[in-house]
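1. what follows is a predicted structure for the sequence shown.
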Protein chains: 2
Amino acid sequence: MDMKPVLRPPTITDVAEAAGVSPMTVSRVLNGRGGAGEETRRRVLEAARALSYRPNTFAKSLKNDRSNTVGIVVPDIVNPFFPEIIRGAELVARPAGYTLLSCNVVEDPEREEEVLGMLLDKRVDGLIICSARLDEERLLRAIAPHRAVVLINRAAAKRHAGTIEVDYRAGVEAVVMQLIAQGRTRFGFAAGPSSSHGGRKRREGIEAALARHGLSLVFDLPCTPDLQGGAEIAARFLPEAARIDAMICYNDLIALGMMRPLAQAGVSVPGDIAIVGCDDIPASSLVSPALTTLRIAKQDLGEMAMRMLLDRIAGRNAQQGIVIEPDLILRATTPALG
Amino acid sequence: MDMKPVLRPPTITDVAEAAGVSPMTVSRVLNGRGGAGEETRRRVLEAARALSYRPNTFAKSLKNDRSNTVGIVVPDIVNPFFPEIIRGAELVARPAGYTLLSCNVVEDPEREEEVLGMLLDKRVDGLIICSARLDEERLLRAIAPHRAVVLINRAAAKRHAGTIEVDYRAGVEAVVMQLIAQGRTRFGFAAGPSSSHGGRKRREGIEAALARHGLSLVFDLPCTPDLQGGAEIAARFLPEAARIDAMICYNDLIALGMMRPLAQAGVSVPGDIAIVGCDDIPASSLVSPALTTLRIAKQDLGEMAMRMLLDRIAGRNAQQGIVIEPDLILRATTPALG
DNA sequence: GGAAGGTACGTTATCGTTATCTCAATTAGG
DNA sequence: CCTAATTGAGATAACGATAACGTACCTTCC
């Protein structure tokens, strides 16, 4: 039988006793504060090692009111767009000594509010919110008590948070111009969740670009930002599919989700309808026809956001707002007509 | 100017003063312990609300040695297999009052060890480890100090943890039998990371099934479990591609990653080589030809694991080990030979 | 009427760590 | 050799919440 009854983990006092010094001395040694003799230092280190001592983070955090934890809130962790952002953020956070607490709110504003409260309880030192779904007022109230906040794709409230925004407006304008140059004139928009700020930006860009050519949107349909949502949109506009020759989608998942239903209904992509997505998730280059999309440097985005957050935690509010440009990746769903 | 200098958050003492009672009474009221007069109760609740009081979790956790946090460790959050498991786990954890701390270790054993230590520091009440990459001894040492552990796809150490295992062995045996029935005889195996326990199970199943027909593996190549890994494998065996007529892959990402290189080299799938993946990630049904795969109920898996963990935290070690069966999903990459 | 029990609260001590102060021992300078 | 500076290390007191214990005061019933 193994003699390890999983007792109480050792405390700083246990280490102190083992080393024959006071707890305070152990604290000094372990935190490299100096003021400890060489011999004492060695004894303390040895005792700590022997007992596998690990400082109690609760006690530490209680004392100095810092958790060394930061949060990141995403609408849906299953959407491939977000894990890459999380990874980027984590890549920066960990070397800086921070633990990343990632929370997904399954596209639900109530849940988002709840999660922000939970992060407050956990006393995170700061947090990143991706694509907040809360309305302006509730968002402001929810972030107010937090010590440092960075918003991704939610430029509002610059006074209370750092912001990083993808310039969707410019991105979709490029998309529309490209499609028009290819002879497309009748546009649909699969708009994603109506609570999305990024969705509104995309609509603005599309409408502005279309207006310059005297055109306007034929369809403007909201949907959930996933494969399912794309399939539902397809089902809804299929009866009138002939009215459009181009479909711009809120994200790649929606675009991919509509491709099979269209094919099954005999609508050819890109023959009858060109399709453009957004995000450039890995699947988009694997399907046939491969999906034209706006690429966003997701991991970079996460890294930038985390760097900005750490700056803010440290009290350096240098960069208040950053805008990043998406890249138009032309693939098979948008060939020149011919 | 808004008058909110983000002071120190209110403590239980502040609430007590505001309500004209002692901190202990506030504690009793807020925790529904009873032993408080109706009028007093109302005053306390009102004061707490007015101050937006939120109990300090550090103090609470320090006192009762519980964090109400559980961890989940995955090899790579960008691999679509894992976010669904995380979502399942979270779905069960949150209603039970637990916060889920998800950590990804980017396929690195060192990092895995480090993360398990970090979770120990955070005093998680328990944790789920998905597809541990650590060897037996280090894994045991790393989980020993934890209060409750559930291992996914790592049956070892049943004495020290609950386990949930996908029966890959049976799954791939079904795959091999199906392929042999379709006339395939020369098999390759894209084996994934050599540190993966699930990978070894898959190999065992394949070899057992092949042996029953007097066959054996032509290729057995390790690779990273992502699209990149699949592309690399393809590059490696392409010169000798004619030696096989079926390729079984550790996961769908690897399978998808090799499809384009094969097509570009003029190797037809499934004409020349049938391909089978594992996991059934969403992309697998979207590509052409659609990928035959072993479907795993990922979200269910996460939910089961979390239920098992919560049981163990509560001291109920009912289910010690669960085995779940994958489903063979036949698609276009494995048609009957004609 | 007084012992027994109940209710509503307050006091004290504690969880593990560390900032601050204190004191003792050592060393340096004159 | 004695004072002043320097260094090593302990004692104390928080941080915020709460378990355990105390203490009033009020019922209730023989």
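-> Good, I have the coordinates.

2. and the nearest residue to A:Val267 once chain neighbours are set aside, what is it in contact with?
-> In this structure, A:Val267 finds its nearest non-sequential neighbour in A:Ala241, 5.1 Å apart by Cβ to Cβ, 6 or more residues apart in numbering or on different chains. All C-beta spots, glycine's among them, are computed from the backbone N, C-alpha and C. By Cβ atoms under 8 Å, 6 or more residues apart in numbering or on different chains, the contact set of A:Ala241 is A:Leu262, A:Ala265, A:Val267, A:Asp272, A:Ile273.

3. nearest to B:Met24 among those residues?
-> Nearest to B:Met24 among these: A:Leu262, at 66.2 Å, using Cβ to Cβ.

4. what strand or helix carries the closest one?
-> Using DSSP states H and E, A:Leu262 maps to helix A:252-264.

5. contact partners of the helix or strand that that helix is followed by?
-> Scanning forward in sequence from helix A:252-264 by DSSP H and E, the next helix or strand is strand A:274-276. For strand A:274-276, contacts defined as Cβ under 8 Å, 6+ apart pick out A:175, A:179, A:182, A:184, A:245-249, A:255, A:258-259, A:269, A:291-294, A:333-335.

6. show me what counts as buried in the helix holding A:Leu262.
-> A:Asp252, A:Leu253, A:Ile254, A:Ala255, A:Leu256, A:Gly257, A:Met258, A:Met259, A:Arg260, A:Pro261, A:Leu262 (16 or more other Cβ atoms under 10 Å in any protein chain shown).

7. could you do stretch A:296-305 as well?
-> For stretch A:296-305, by 16+ other Cβ under 10 Å, it's A:Ile296, A:Ala297, A:Lys298, A:Gln299, A:Leu301, A:Gly302, A:Glu303, A:Met304, A:Ala305.

8. among the residues you listed, name the ones in helices.
-> Using DSSP state H, A:Lys298, A:Gln299, A:Leu301, A:Gly302, A:Glu303, A:Met304, A:Ala305 are the members of those that sit in helices.

9. those also near DNA strand D: which ones?
-> Within the set of those, contact with DNA strand D (Cβ under 7 Å from any atom of the strand) is found for no member.

10. closest one of the residues you listed to B:His146?
-> Nearest member of these to B:His146, counting by Cβ to Cβ, is A:Gly302, at 28.7 Å.

11. isn't that closest one up against A:Phe82?
-> No. Between A:Gly302 and A:Phe82 there is no contact under Cβ atoms under 8 Å: 9.0 Å.

12. can you give me the helices for chain A?
-> Ranges of helices within chain A are A:12-19, A:23-30, A:38-51, A:57-64, A:81-93, A:109-121, A:136-143, A:168-181, A:197-211, A:227-237, A:252-264, A:298-313, based on DSSP H.

13. give the buried residues for the third one.
-> Of the residues in helix A:38-51, those buried under the neighbour-count criterion (16+ other Cβ under 10 Å) are A:Thr40, A:Arg41, A:Arg43, A:Val44, A:Ala47, A:Ala48, A:Leu51.

14. how about it and DNA strand D, touching?
-> Yes. Judged by Cβ under 7 Å from any atom of the strand, helix A:38-51 and DNA strand D are in contact via A:Glu39, A:Thr40, A:Arg41.

15. tell me the one of those residues nearest DNA strand D?
-> Comparing the residues of helix A:38-51 next to DNA strand D against DNA strand D with Cβ to the nearest atom of the strand places A:Thr40 closest, at 3.3 Å.

16. spell out which residues of the stretch 201-338 of chain A are next to chain B.
-> A:Leu227, A:Leu256, A:Met259, A:Arg260, A:Pro282, A:Ala283, A:Leu286, A:Val287, A:Ser288 (Cβ under 8 Å from any Cβ of the partner chain).

17. where do the domain boundaries of chain A fall?
-> According to automatic domain parsing, chain A comprises the domains A:12-55, A:67-167+A:298-326, A:168-296.

18. let's have the ones you listed in CSV, adding mean pLDDT.
-> Below are those laid out as CSV (pLDDT from 0 to 100):
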stretch, mean pLDDT
domain A:12-55, 91
domain A:67-167+A:298-326, 93
domain A:168-296, 97
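
19. of all those, which lies closest to DNA strand C?
-> domain A:12-55 (2.8 Å).

20. contact residues of chain A facing DNA strand D?
-> Counting by Cβ under 7 Å from any atom of the strand, chain A sits next to DNA strand D at A:20-22, A:24-25, A:34-37, A:39-41, A:59, A:62-63, A:65.

21. can you tell me which of those are buried?
-> A:Val21, A:Thr25, A:Ala36, A:Thr40, A:Arg41, A:Leu62.

22. surely A:Phe187 meets A:Asp220?
-> No. When contacts are counted by Cβ under 8 Å, A:Phe187 is not listed as touching A:Asp220 (9.4 Å).

23. return the closest of the buried residues of stretch A:296-305 with respect to A:Leu30.
-> A:Glu303 (30.9 Å).

24. contacting residues for the nearest residue to the closest one once chain neighbours are set aside?
-> Closest residue to A:Glu303 apart from its sequence neighbours, by Cβ to Cβ, 6+ apart: A:Gly88 at 4.2 Å. By Cβ under 8 Å, 6+ apart, the contact list for A:Gly88 reads A:Lys298, A:Gln299, A:Asp300, A:Leu301, A:Gly302, A:Glu303, A:Met304, A:Ala305, A:Met306.

25. identify, from these, the entry nearest to B:Ala93.
-> A:Gly302 (23.9 Å).

26. list the contacts for the closest one?
-> Counting by Cβ under 8 Å, 6+ apart, A:Gly302 touches A:Glu84, A:Ile85, A:Ile86, A:Arg87, A:Gly88, A:Ala89, A:Glu90, A:Leu91, A:Val92.

27. selecting buried members of the residues you listed in PyMOL, what would you type?
-> Burial among these is assessed by 16+ other Cβ under 10 Å; the matching PyMOL selection reads:
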select buried, chain A and resi 84+85+86+87+88+89+90+92
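
28. could I get the contacts of A:Gly302 as a markdown table with distance to B:Ala208?
-> Supplementary listing: those in a markdown table, determined by distance: Cβ to Cβ, whole Å:
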| residue | distance to B:Ala208 |
| --- | --- |
| A:Glu84 | 38 |
| A:Ile85 | 42 |
| A:Ile86 | 39 |
| A:Arg87 | 37 |
| A:Gly88 | 42 |
| A:Ala89 | 44 |
| A:Glu90 | 40 |
| A:Leu91 | 41 |
| A:Val92 | 46 |
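
29. and stretch A:211-226, which residues are buried?
-> A:Leu215, A:Leu217, A:Val218, A:Phe219, A:Leu221, A:Pro222, A:Cys223, A:Thr224, A:Pro225, A:Asp226.

30. ok now it, how far from the chain's centre?
-> For stretch A:211-226, the distance from its own C-alpha centre to the chain's C-alpha centre is 25 Å (Cα atoms, centre = their mean, to the nearest Å).

31. extract the CA atoms of it and return them as PDB.
-> Taking Å, rounded to 0.1, in the frame of the first residue of the first chain, the C-alpha atoms of stretch A:211-226 are listed here in PDB:
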ATOM      1  CA  ALA A 211     -24.200  52.300 -53.600                       C
ATOM      2  CA  ARG A 212     -21.300  53.600 -55.500                       C
ATOM      3  CA  HIS A 213     -22.500  51.500 -58.400                       C
ATOM      4  CA  GLY A 214     -26.100  52.300 -57.900                       C
ATOM      5  CA  LEU A 215     -26.800  48.900 -56.500                       C
ATOM      6  CA  SER A 216     -28.300  47.600 -53.200                       C
ATOM      7  CA  LEU A 217     -28.700  44.400 -51.300                       C
ATOM      8  CA  VAL A 218     -31.300  41.900 -52.600                       C
ATOM      9  CA  PHE A 219     -31.300  39.800 -49.500                       C
ATOM     10  CA  ASP A 220     -30.200  40.600 -46.000                       C
ATOM     11  CA  LEU A 221     -30.800  37.600 -43.800                       C
ATOM     12  CA  PRO A 222     -29.700  37.100 -40.200                       C
ATOM     13  CA  CYS A 223     -28.600  33.700 -39.000                       C
ATOM     14  CA  THR A 224     -26.600  31.900 -36.400                       C
ATOM     15  CA  PRO A 225     -22.800  32.100 -37.200                       C
ATOM     16  CA  ASP A 226     -22.300  28.400 -37.700                       C
END
